[in-house]
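Participant: show me the folded form of this:
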Amino acid sequence: MKIDGSLLLIGCGKMGGALLEGWLGQGVAPESVTVIEPFESGFLEGIQARGVTTLKVLTELPENYDPAVVVIAIKPQMMDGTIGDYSRFAKASTVFLSVAAGKTLAYFQAALGETAPIVRAMPNTPSAVGRGMTVLCANPAASSTQREVCSSLLSAVGETAWVDDEALLDAVTALSGGGPAYVFLLIECLAQAGIEAGLPQELSERLARVTVAGSGELVHQASEAPSQLRKNVTSPAGTTLEALNVLMAEDGLQPLMTRAIAAATRRSQELGRQDPA
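Facilitator: I've put the predicted structure just below:
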């Protein structure tokens, strides 16, 4: 991966750190990256040793610093008092890429200026192991080249997709943003069901964990649709079919999941409306 110009990363927590590791692993030159992170950590010491510049505050940057990309990876609740300080970089040649949940394009335009190129991205936590899913949306000021750069940066930690309608990011947040938590809950539920069926706790938890992880890898590698993979496992009049008759009933898993995603989508919409912009 090659970035024309320097890259400023604001925040180097779990998501910021995962992104940075992905960029360096994809060949981004360490000397082209500057990180602003007030909290010390062993991770920061490690990337310093690899040639990445780390600073505690924005004011430590040289006056003539001119990044091509500013990646915003700080927690949303920490942003209101600081984001306006970065308006010094707001010009056509610098794109702002935000991975902060709930902060809208309008929010950033209010803080940085209407003409600032801005891309909003919704990644999820599997980005930490290079298997993330990120959906992006840009304002009209972002050029096609800047969109490609942002897509490339997020592709370093998984797959990417674009939407033109920012409102769709609420459903994206509900589905892929929160999705890992739902899968982890599935593992918990499978394990508990196995325990209630008589399995020892340690074995049941291991079976649930490895089964879900293996199934995820299988669907990742397969060319077949998940529905076909399900049918491949289901023998006529067999045990799996008996379980699926429960899970696929009118009051089964699908309506429950539909209600869950709808609830999360509504909450994302509510949080978006709380933006001061």
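Participant: in contact with the closest residue in space to residue 105 that isn't next to it in sequence, which residues?
Facilitator: The shortest distance from residue 105 to any non-neighbouring residue, by CB to CB, 6 or more residues apart in numbering, is to residue 139 (4.8 Å). Heads up, the C-betas are built off the backbone N, CA and C, glycines and all. Counting by CB atoms under 8 Å, 6 or more residues apart in numbering, residue 139 touches 105, 109, 116, 117, 118, 119.
Participant: surely the last one is within a strand?
Facilitator: This means residue 119. Yes - Residue 119 forms part of a strand when assessed by DSSP: H, G, I helix; E, B strand; the rest coil.
Participant: where does the prediction get shaky in this structure?
Facilitator: 275-277 (pLDDT under 70).
Participant: which stretches of it form helices?
Facilitator: Along the chain, the segments classed as helices by DSSP state H run 14-25, 42-49, 105-112, 144-155, 168-172, 179-196, 201-221, 226-233, 239-247, 253-273.
Participant: could I get the CA-only coordinates of the fourth one as CSV?
Facilitator: The C-alpha coordinates for helix 144-155 follow below in CSV (Å, rounded to 0.1, in the frame of the first residue of the first chain):
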residue,chain,number,x,y,z
SER,A,144,-12.6,9.7,-6.1
THR,A,145,-8.9,9.5,-5.3
GLN,A,146,-9.5,10.3,-1.7
ARG,A,147,-12.2,7.8,-1.5
GLU,A,148,-9.9,5.1,-2.9
VAL,A,149,-7.2,6.0,-0.4
CYS,A,150,-9.7,5.7,2.5
SER,A,151,-10.9,2.4,1.1
SER,A,152,-7.4,1.1,0.8
LEU,A,153,-6.6,2.1,4.4
LEU,A,154,-9.6,0.2,5.8
SER,A,155,-8.9,-2.8,3.5
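Participant: thought residue 79 was touching residue 100?
Facilitator: Yes - with contact defined as CB atoms under 8 Å, residue 79 counts as touching residue 100 (6.2 Å).
Participant: what touches both of these two?
Facilitator: By CB under 8 Å, 6+ apart, the residues touching both residue 79 and residue 100 are residue 72.
Participant: quick revisit: can you list the helices of the chain in a markdown table and add mean neighbour count?
Facilitator: Shown next, in a markdown table, are the helices of the chain (neighbours: other CB atoms under 10 Å):
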| stretch | mean neighbour count |
| --- | --- |
| helix 14-25 | 21 |
| helix 42-49 | 13 |
| helix 105-112 | 20 |
| helix 144-155 | 18 |
| helix 168-172 | 20 |
| helix 179-196 | 15 |
| helix 201-221 | 13 |
| helix 226-233 | 12 |
| helix 239-247 | 11 |
| helix 253-273 | 14 |
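Participant: of all these, which lies closest to residue 68?
Facilitator: With CB to CB as the measure, helix 144-155 is the member of the helices of the chain nearest residue 68 (7.5 Å).
Participant: which other helices and strands does that closest one contact?
Facilitator: Judged by 3 or more CB pairs under 8 Å, 6 or more residues apart in numbering; DSSP states H and E, helix 144-155 is in contact with helix 14-25, strand 69-72, strand 95-98, strand 118-122, strand 132-138, strand 158-162.
Participant: change it to 10 Å
Facilitator: If contacts are counted by 3 or more CB pairs under 10 Å, 6 or more residues apart in numbering; DSSP states H and E, helix 144-155 sits against strand 7-10, helix 14-25, strand 69-72, strand 95-98, strand 118-122, strand 132-138, strand 158-162.
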